[in-house]
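Student: My questions concern the predicted model and sequence given below.
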Amino acid sequence: MSSLEIRNLHVSTGDKEIVKGVSLTINSGEVHAIMGPNGAGKSSMAKAIAGHPDYLITEGEVLLDAKSVLEMESDERARAGIFLAFQYPSEVPGVSIANFLRAAIQARMAEGEEIDAAAYYKRLYEKMDLLKIDRKFTSRSVNEGFSGGEKKRSEILQMAMLEPRFALMDETDSGLDIDALKIVAEGVNHLRGPNLGVLLITHYQRLLNYIVPDHVHVMIDGRLVKSGDRTLALELESKGYGWVKKEFANA
Amino acid sequence: MSDTPETDTLEATMDNPVSGIDQSSGNFKYDMTYDFDAGTGLNERTVDYISSVKKEARWLHDFRQSALKVFESKPLPTHWATKDLENINFDKIRYYLSQGQKPKRTWAEVPDDIKATFERLGIPEQERKFLAGVEAQFDSEAAYSNIKEAVAKQGVIFMNSTEGLREHPEIFRKFFGKVIPTGDNKFSALNSAVFSGGSFIYVPPGVKVSHPLQAYFRINAESFGQFERTLIIADEGAELTYMEGCTAPKFSTATLHSAVVELVALKGAKIQYITVQNWSSNVFNLVTKRGLAHEDAEIKWIDCNIGSRLTMKYPGVVLKGRKSRGEVISIALANDGQHQDTGAKMVHAADETTSTVVSKSISVGQGRATYRGVVHIPRHLKGCKNNTECDALLINTNSRTDTYPAITVRGDHHKVQHEASVSKVSAEQIFYMQQRGLTEGQAMSLSVNGFINDLARQFPMEYSVELKRLIDLEMEGSVG
Amino acid sequence: MVEQSASMPAVADPIGAFTEQALERHLASLEKAPAFWLERKRAAYAKFASLPLPGRTDEAWRFSTVSGVSLDGFTPAAPAAAPAQRRPAGIDIAAAATLAFVDGRPAQAGPIAPELAQRGVVVSTLTQALAEHPDLLREHFMAQPQKLGSAKFAALHEAFVEDGAFVFVPKGVEIDAPIVVVHAASRPQGALFPHTLVIADDGSRVTVVDHFVSAGDTRQFACGANDLYAGHGAKICYAAAQCWSTKALSLQFNSTVVRRDARVQSLNIHLGGGQARHESLSQLQAPGGFSEMLAVTVASGAREFDQRTLQIHQAPNTKSDLLYKNALLDKARTIFSGLIIVDPDAQKTDAYQRNANLMLSDDAESNALPGLEIQANDVRCTHGATSSRIDPEQEFYLKSRGIPPKAADELLIFGFFEEVLNRLESEELHAALRTLIRSRVRM
């Protein structure tokens, strides 16, 4: 069993502090959801944990199985098992999905070890079928010219292929119609299991109807202000963020 | 020509009272009461003469003389520029006419189409006379002194450059010829040898001049001289907008105009320099304009060129200080027989400097519009950015446009992007407007105005209104 | 190059070892050549000798290191030398026919498929073509104007060219597999004049690959030319892989003539040369013509790659599309100077030009001069030039998937080139050229 522990995390971008002391522990097998209004710092936190150079961690710790990842480059963190599903995945012209994933898997293998091409394609096609992705996609450039739904499915495909220990899913539901949302959720649920911890970042509770979280946290102005179970998400949906804000202000 | 200006006879002058004017377009007469006259042609004595009339200091006299040598030694830049430059007859040009000795004509002699143009542009009566060359000097002392008084209270120095040299040599000399060295090009050397007129402005630290300073003819006649020299210094944190020219066709009595404009924006200062020029079609307008931006400073050239036979003008910014910004906004309209060879020069010399060039040109009839640009990012800088956009609109079947940028980038820490496109007025759009009852000419004008609309908006209100009217005029007769 | 410049005379010698005597020796070796050929060579020599070397103020050589373009120390091949036997290694692709030249002389020719020969396809040496198809040579060999600055060197090429590849595809004949030509340089300090002439008659289709290689990393002077002629409705795909020695001075001149409804795609891959200049002229002479001009350059070390292009639209309804991509490493310099000319009355022209420079080192320098000269108004002409580093967001995306920085950059660099290589219709050619680039490039 693994754990991803976020301890008193402060994140700045430019001169502005966005995340102001967040603590949270995710264990394998758990699904945590972070909800909050726009600009609360949810995405910034995910990017900082993944090691994006524009998001500076000014204070606090991120521990993967009690070992700090902060000195690690972003690719090292990824190989250690942290996966970020991007809200806006980058387009990478000229690099096909097949080559891209091959390079990513190759990077996880020991030096001198070669990828088994036949097994690789077999696995790739299985996952693509699962996510209802046309096999022709393998020769298309990563995310280039993809629709919003295709981009999100391509993110889940990568997650399925790279088998991370922890997945940070940044607004995976944004821009999806209901059918696409169901496919994506199905994909995530399929990957759910004792070896994977998930942090779902979302603005709406809609996604949580399809991926049922074990824990729900509310983030406002860079802080986790309330935690609870699934019912908290439903409460938020009916009452909006206003009441949490008020409650937080009064506290 | 005459090698000896002092002995230049009246008869000789009468033969060619004002060289270069298109004699075919009007039968003009001029009063010939010159108190000071440097004659035609250019040699050491012409320069001595100009310097002595202006009672200049020794250093300036020497500066002019050495500039003359540079001018003489430099070939015309026809290895890249148009061969039309070879048609300038430097020996036939009158290099200096002092205040009050400008040639005059009577209002009755001004051609009707020019009068009509003034009418259409809504140029005030008195200004019309000045523009038409009827009055050598427009008495604008009142308006001028008001501006002068207002800004003087803030410590701003605003005068013509002759006065500036005399009264503030300590400031003038420190910056003069530093942004544009004499030998920058053949025409900057020429200007350095024979310059006269132009403005001198100094804005003290932190002073933000709220109203644009105008070197419109409202200020002084000399600012319209052939070889004007302008120097503007914005001290730390100062801000200033300067405007020159006007949209009315400027009747020029000389074929060659060659100005030099130097701007210096010290730390955190902002200078915006707006030009609208509409020369008559006999004029070679060869201008060197450049600004030096120190740390965090911003220099913006807004330049609109209409008319002339050939205009060569590439306003530039040397981005010398960290995080300085340079911008050139350029509109050019080339009608039959005109060549607008304009552009921009951005020299990055510090980290995190940003430059932007937006150029729009319109070629009408056989007119030719050329964009020429330089973007230079030398080695070992970081975080420099340039964005250049050039759009050309071709009105008639064989109108011409050229684009010649040169972009040098060293190192992997910069982002530079150049884009250019060529288009014509959409026939669909014209038809649509005609269907709504506009004439083809009106529709064309609307289209052209639409093409430059986003840039025209950057001009002060009265300029953009005049510009619109002017485009309407230029578009008339371009169709059918 | 530094060592040479130290011993260079103050004023560069405009003819070097390419003296009149050298020309006479060369002409004497061409026993069977027709009179017109010798005359043209003499005329070309006179032109070569009369023109100056490029100077610093030549606009056509702006930003070039003109001091490097010197003939000093280079020698033409001795006429008495025995013909080379060794066949140099080529590109790994199944070819319809192959030709190989070493130092400008025929080394080996693979047999042409009998069914192609039966249909009148000719793949031969220029020497053979002079004997069998002199009229075609007279009409098409270096027949187009030199407009991009190297008139002197093109004349030198014409005067001293010994042999080269001749490809003729008769009316309506279509060939699927490429014809592969290998030009190899083996002599240190040697000058060679590789030539490939492709004539695709009306309605024919052909793919030709030129591969330039050096034996050993020595200083050489490769002064090459290729002429592509696409008759009405013909289709030519031409790819050149320039892999000369990293100390070579390479000057290459391409001329492409596109007739009515014809289509020419040319791809130049520049991997070799210490100083390499490539001039490419496309003339769109009749309505419906389309010229696609592509290039990929890997500029590394302290080398200079200089590309000059001209797309001339001489007739209405023609199209050209240029995409030149450079990856710059180390202290390399690149120059791209491209001009689109639309002649008066060439209405409905559709012309595009794009130069992208990927900057991978703080000491590399890219120069871009994308130009337009447009004299017709009903046209679509755009150009763009960019110079930037690897997109940090893309880099992060790859790294966030666990791909190490070096591998990520490599993927992105090849991805940058793929946009160009993807334009090739043939999967096999695409794969072969991709492999070639990979084998020659170590990031």
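Tutor: Cool, the structure landed.
Student: in the chain, what spans have low per-residue confidence?
Tutor: I'll assume chain A. A:251 (pLDDT under 70).
Student: that's the wrong chain, I meant chain B
Tutor: B:1-38, B:97-107, B:109-111, B:113-114, B:117-118, B:120-147, B:215-225, B:246-254, B:479-480.
Student: Contact residues of it facing chain C?
Tutor: B:79-80, B:379-380, B:392, B:394-424 (C-beta under 8 Å from any C-beta of the partner chain). In short, each C-beta sits where N, CA and C put it, glycine included.
Student: Only whichever of those residues are buried, select them in PyMOL.
Tutor: For the buried members of the residues of chain B next to chain C, the matching PyMOL selection, counting by 16 or more other C-beta atoms under 10 Å in any protein chain shown, is:
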select buried, chain B and resi 392+394+395+396+398+399+400+401+402+403+404+405+406+407+408+409+410+411+412+413+414+415+416+417+418+419+420+421+422+423+424
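Student: So which of the residues of chain B next to chain C sit within strands?
Tutor: Among those, the members falling in strands (DSSP state E) are B:392, B:394, B:400-410, B:415-424.
Student: Just the strands from the stretch 1-150 of chain A, written as ranges.
Tutor: With DSSP state E, counting those that start in this stretch as the criterion, the stretch 1-150 of chain A has strands at A:3-13, A:16-27, A:31-35, A:56-64, A:67-68, A:82-85, A:92-96, A:141-142.
Student: can you tell which of those is closest to residue A:120?
Tutor: Nearest of the strands of the stretch 1-150 of chain A to residue A:120, taken as C-beta to C-beta: strand A:92-96 at 13.4 Å.
Student: Dump the closest one to CSV, keeping only the CA atoms.
Tutor: Extracted C-alpha coordinates of strand A:92-96, given in CSV (Å, rounded to 0.1, in the frame of the first residue of the first chain):
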residue,chain,number,x,y,z
VAL,A,92,2.3,17.9,-29.4
PRO,A,93,2.5,18.1,-33.2
GLY,A,94,4.4,15.5,-35.1
VAL,A,95,4.5,13.0,-32.2
SER,A,96,2.1,10.1,-32.6
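Student: Run through who's touching that strand.
Tutor: A:100, A:138-144, C:394, C:397-398, C:411-412, C:414-419, C:422 (C-beta atoms under 8 Å, 6 or more residues apart in numbering or on different chains).
Student: try 6 Å
Tutor: A:139, A:141, A:142, A:144, C:394, C:411, C:415, C:416, C:418, C:419 (C-beta atoms under 6 Å, 6 or more residues apart in numbering or on different chains).
Student: Ok, stretch A:243-251 next?
Tutor: So stretch A:243-251 is contacted by A:218, A:220, A:225, A:226 (C-beta under 6 Å, 6+ apart).
Student: Go through those residues and flag which are in strands.
Tutor: A:218, A:220, A:225, A:226.
Student: does residue B:301 have beta-bridge partners, and which?
Tutor: residue B:273, residue B:328 (DSSP bridges).
Student: Kindly report the same for residue C:264.
Tutor: Applying DSSP bridges to residue C:264, the residues it is bridged with are residue C:236, residue C:291.
Student: how much space is there between it and chain A?
Tutor: Distance, residue C:264 to chain A, by C-beta to the nearest C-beta, to the nearest Å: 24 Å.
Student: Quick check, pLDDT for that residue.
Tutor: Listed pLDDT for residue C:264 reads 98.
Student: ok, it touching residue C:255?
Tutor: No: Residue C:264 is beyond contact range of residue C:255, at 10.8 Å (criterion: C-beta atoms under 6 Å).
Student: okay if I get the strands of the stretch 1-150 of chain A as TSV plus distance to residue C:131?
Tutor: Output for the strands of the stretch 1-150 of chain A, formatted as TSV (distance: least, C-beta to C-beta, whole Å):
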stretch	distance to residue C:131
strand A:3-13	74
strand A:16-27	79
strand A:31-35	81
strand A:56-64	75
strand A:67-68	78
strand A:82-85	69
strand A:92-96	47
strand A:141-142	50
